[in-house]
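Student: build the 3D model from these lines:
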Amino acid sequence: QVQLVESGGGLVQAGGSRRLSCAASGRNFSDYDMGWFRQPPGDEREFVATISRSGTSTYYADSVKGRFTISKDNAKSAVYLQMNSLKPADTAVYYCYAKNPVLGTYWGQGTQVAVPA
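Tutor: Numbers count the residues shown, from 1 in each chain. So this is what the prediction gives:
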């Protein structure tokens, strides 16, 4: 089992940057693909970015491509989301997840990011 705790959310001006962190505890962190989803106010949860177990492959939603960067530190059992050029449309609760087809999928509690218009 994996426990995930996100941090780094807050109020950010449009055009600004923010880095979200997701700290994992439990066994076998390096066995999981990691990623981020987000849920805008009044909307459904949507995919943001994912990174492979080794950290060598990444994939992004079109809406964040070129602005967000996901990274993973297996030694620290952490995954990060660097967000640049933030827009009001990026306002959401951001959730970290860990996924393994055998071991299961785990979610954090979320961290709020607000980018006022």
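
Student: do a quick rundown of the strands in the protein.
Tutor: Ranges of strands in the chain, per DSSP state E, are 2-7, 10-11, 18-26, 33-39, 46-51, 58-60, 68-73, 78-83, 92-100, 104-107, 111-114.

Student: count the neighbours of Gly16 for me.
Tutor: Applying other C-beta atoms under 10 Å, we find 12 residues neighbouring Gly16. No exception for glycine: its C-beta is placed from N, CA and C like everyone else's.

Student: could you find the closest non-adjacent residue to it?
Tutor: In space, and not counting its chain neighbours, Gly16 is closest to Leu86: 5.4 Å by C-beta to C-beta, 6 or more residues apart in numbering.

Student: any figure for the gap between Ser57 and Thr50?
Tutor: Distance, Ser57 to Thr50, using C-beta to C-beta, to the nearest Å: 8 Å.

Student: which one's more surrounded, the two?
Tutor: Between Ser57 and Thr50, counting by other C-beta under 10 Å, Thr50 is the more crowded of the two (19 against 10).

Student: what sits against that one?
Tutor: Thr50 makes contacts with Asp33, Met34, Gly35, Trp36, Thr58, Tyr59, Ile70, as judged by C-beta atoms under 8 Å, 6 or more residues apart in numbering.

Student: what's the local residue count around the residue nearest to the last one when sequence neighbours are not counted?
Tutor: Okay, so that is Ile70. In space, Ile70 comes closest to Ala49 once its chain neighbours are excluded; the distance is 4.1 Å by C-beta to C-beta, 6+ apart. For Ala49, the neighbour count with other C-beta under 10 Å is 22.
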